[in-house]
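A.B. asks: predicted model, plus sequence, below.
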Amino acid sequence: MSFGGRLTLLKSVLSSLRLYYFSLYSVPPSVLKLLESVRRIFFWGGDLSGTKISWVKWENILLPYESGGLNVGSLKNKNLALLGKWWWRFKTDTTSLWTKLIRSIYGIDSGLRSVDGLAHLPILGTWKDIWCDTSSFKDLFPRLFRLDRNIEVLGNSIVLPKKTLHNNLIPKKVEILVWKTRKKRLRVELDKRGVDLYSTRCPVCDEDLESVEHLFVSCKFSKDVWSRIFKWWNFNLPQNLVFSDLFLGKSTSTMSTLGTKIWQSVEWICAYYIWKNRNMMVFQNKGWIPPVVISEIQVKSFEWVSNRIKDKTIDWHVWLTNPSLICT
């Protein structure tokens, strides 16, 4: 099963099996630790009898997309949120039968005096509503407000919105590969973890030590693939490809928002097929043929992107001859 399949099962099944118990009981830390361990082992492809390398800290995987994670969510936070839901209903829904029963047994506050009165306060937004004096935090602290809204601030001006590694036009397996690549957590980094390898040279070109930067940017075969991709889109290939900017979907001024997302999808799919063909050379002893790789990228990118766009129809002939026209 691919990482994308395991991530889907992780979110839809393993994170939902215990919702009933999580909404009724405060889960002990030892149980939470065990449950998170089961989820972590499953995600990395292991089982209870043996584990595999955890390439990224589990705490980072739990984070939302905007913070560099995979939006899995913490079981502890879910438990607290579900228990908080009952507290909120207890404080606001005073006419329900279960609220009357609890209050008749444990008293009118039922041990919640420390938070008594909060239910009668209006629901305030952290930044835009007025908490004190006559000004909101947004007006009092504009720089912090922009930072909280995931905007990069330089001096007194807003420069550029932060890029998030999430794109719903491609399969999860491609998205996770790019996420691991950006974090430099692929098998090509095994020697840095103390794993004894037969060779650390690039298996594709055999001209340099294998690394994430070399495989996806510097290797002559990868450069050939990127050159053909940029030519296909009628873009000028940068003289010096920069690894850190490779998957950000940088677009031209004529591209629409959707067009930028489509171009980013093609970049990510290109990286996926570079990695896939590298593994085919290593494990199946198959050769690397750039025209075949490009053909696979064109077909799969059209299939994945066109099936995920709801309000736009993509013509195959235009996609094959000049896809940048679709993105204007």
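C.D. replies: Now that the structure is in, tell me what you want to look at. Since we're looking at a predicted model, the values are computed, not measured. Residues are numbered from 1 along each chain as shown.

A.B. asks: in the chain, what residue spans correspond to strands?
C.D. replies: Secondary structure of the chain, counting by DSSP state E: strands at 151-154, 157-161.

A.B. asks: ok, of these, where does mean pLDDT dip lowest?
C.D. replies: The weakest mean pLDDT among the strands of the chain belongs to strand 157-161, with a mean of 40.

A.B. asks: hey, where'd the helices end up in the stretch 51-200 of the chain?
C.D. replies: Here the stretch 51-200 of the chain has its helices, by DSSP state H, counting those that start in this stretch, at 58-61, 75-92, 97-106, 137-140, 142-148, 172-182.

A.B. asks: contacts for the last one?
C.D. replies: The set of residues external to helix 172-182 that reach it, using CB atoms under 8 Å, 6 or more residues apart in numbering, is 2-5, 7-8, 55-56, 70, 165-167, 186, 212, 216, 247, 268-269, 271-272, 275, 304. All C-beta spots, glycine's among them, are computed from the backbone N, C-alpha and C.

A.B. asks: which of those are buried, as a ChimeraX select command?
C.D. replies: Buried subset of those, written as a ChimeraX selection, criterion 16 or more other CB atoms under 10 Å:
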select :3,4,7,56,70,165,167,186,212,216,247,268,269,271,272,275,304
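
A.B. asks: out of the helices of the stretch 51-200 of the chain, deepest packed?
C.D. replies: Across the helices of the stretch 51-200 of the chain, averaging neighbours per residue (mean count of other CB atoms under 10 Å) puts helix 172-182 on top, at a mean of 21.

A.B. asks: gap between that helix and the chain center?
C.D. replies: 8 Å (CA atoms, centre = their mean, to the nearest Å).

A.B. asks: then stretch 68-85?
C.D. replies: Remark: stretch 68-85 is offset 16 Å from the chain centroid, using CA atoms, centre = their mean.

A.B. asks: going forward, the N-terminal residue is numbered 840.
C.D. replies: Got it, first residue is 840 now, which makes that one stretch 907-924.

A.B. asks: distance of residue 1073 from residue 846?
C.D. replies: As judged by CB to CB, to the nearest Å, residue 1073 and residue 846 stand 35 Å apart.

A.B. asks: give me the domain ranges for the chain.
C.D. replies: 840-960, 961-1003, 1011-1166 (automatic domain parsing).

A.B. asks: least confident of those domains, on average?
C.D. replies: Looking at the domains of the chain, the bottom one is domain 961-1003 with a mean of 60.

A.B. asks: circling back to that earlier point, kindly reformat the helices of the stretch 890-1039 of the chain as CSV containing distance to residue 1077.
C.D. replies: Below are these laid out as CSV (distance: least, CB to CB, whole Å):
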stretch, distance to residue 1077
helix 897-900, 30
helix 914-931, 41
helix 936-945, 64
helix 976-979, 39
helix 981-987, 30
helix 1011-1021, 18
